[in-house]
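*Asks:* Compute the structure for the input listed below.
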Amino acid sequence: MSTHTPGPWAAIQRDDDCWDIYSDVHGNIATLHDPIGFELVMDNIEADARLIAAAPDLLEFIESITDALGPYKDLNGHQIVHDAYKVMRVIREVNNE
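*Replies:* Residues are numbered from 1 along each chain as shown. Alright, predicted model coming up:
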């Protein structure tokens with residue numbers, strides 16, 4: 001299995017409304033643009049570019065959560081789901097939702 005380009009990545013808007021996903025070390029990784037005739041997609045391009053640029057950081061975060069699971073690694077999914085709902089409930093309470 002190949003590995004991805006190491007982060008950090010940045011989303012940089014070009015003059016032509018395209019967005020580049022850029023790495024300081026490796027340069028341009030990808031370019032997002034509006035496919036011809038799909039003007040509605042333009043509304044999503046900036047958000048998509050920022051989400052893609054965050055991918056290495058998100059992966060690192062998910063890996064750290066996985067490593068931190070410790071005793072949960074050998075449990076079945078029910079306990080993890082139960083505890084995840086507890087966490088979501090607390091987040092909603094903190095955010096007054």
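*Asks:* Now do the buried residues in the helix ranked longest in the chain.
*Replies:* Secondary structure of the chain per DSSP state H: the longest helix is helix 77-94. By 16 or more other C-beta atoms under 10 Å, helix 77-94 has no buried positions at all. Where C-beta positions appear, they are placed from N, C-alpha and C, glycine not excepted.
*Asks:* which residues of the protein score low on pLDDT?
*Replies:* 1-2, 36-43, 71-77, 94-97 (pLDDT under 70).
*Asks:* Name the nearest residue to the spatially most central residue of it, ignoring sequence neighbours.
*Replies:* Nearest to the mean C-alpha position of the chain, counting by C-alpha atoms, centre = their mean, stands Ala55 at 4.1 Å. Using C-beta to C-beta, 6 or more residues apart in numbering and skipping residues adjacent in sequence, the residue nearest Ala55 is Trp9, 6.9 Å away.
*Asks:* Bridging across strands, which residues link to that neighbour?
*Replies:* Ser23 (DSSP bridges).
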